[in-house]
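A.B. asks: What would the 3D arrangement of this be:
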Amino acid sequence: MSRKARIADVHAICSALPEVELGTSWGDRPTYLVMQKPKPRGFVLARAPRRDAIDPGTGEEYQDLLVIRTPSAEDKSALVEAPGPFFTIDHFRNYNAVLLQQSRIDEVDVDELREVLTDAWLAVAPKSLAKRFLAGEPGSP
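C.D. replies: Coordinates of the predicted model:
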């Protein structure tokens with residue numbers, strides 16, 4: 001088993017994936033983007049606090065959420081239903097993504113985080129780029 005994940009691992013893992021840049025979306029939200037034409041596609045987003053994501057323990061808006069794409073509804077369900085920090089809210093009912101509180105990231109290990117983030121990248125990467133990456137071609141981490 002690898003060590004517990006840290007916030008810095010999100011940046012390290014996402015930045016190591018092909019054609020990824022840290023940019024913004026939804027106005028000013030930090031987002032890891034796959035740089036493709038005609039428009040980059042986000043796969044991990046730092047979500048702004050909103051009334052539709054309330055901590056049931058405190059009644060306060062979550063301040064530290066990451067939105068992480070999932071390849072399918074089945075993958076989303078598997079992450080949400082398993083014990084751990086991944087969850088969803090009604091706002092994402094019809095969208096393949098999970099939420100993760102940054103303050104709970106240490107509840108997963110680095111290997112699981114790498115798998116979840118790589119799957120998120122694969123969900124939005126161009127098929128040809130994903131195929132090269134999965135084949136381990138040069139230029140792929």
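
A.B. asks: pull the longest helix from this structure.
C.D. replies: helix 110-124 (DSSP state H).

A.B. asks: Which strands or helices does that one pack on?
C.D. replies: Secondary-structure packing of helix 110-124 (3 or more C-beta pairs under 8 Å, 6 or more residues apart in numbering; DSSP states H and E): helix 7-16, strand 29-34, strand 41-47, strand 65-69, helix 127-134. All C-beta spots, glycine's among them, are computed from the backbone N, C-alpha and C.

A.B. asks: The second one pairs with which strands?
C.D. replies: By that I understand strand 29-34. Partners of strand 29-34 in the sheet, by DSSP bridges, are strand 20-25 (antiparallel), strand 41-47 (antiparallel).

A.B. asks: Buried deepest among the ones you listed, which one?
C.D. replies: Among these, the stretch with the highest mean neighbour count (mean count of other C-beta atoms under 10 Å) is strand 41-47, at a mean of 21.

A.B. asks: pLDDT averaged over that one, what's the number?
C.D. replies: The average pLDDT within strand 41-47 is 96.

A.B. asks: Next, the angle from that strand to strand 65-69.
C.D. replies: Strand 41-47 runs at 160 degrees relative to strand 65-69, counting by axes from the mean of the first three to the mean of the last three C-alpha atoms, to 10 degrees.
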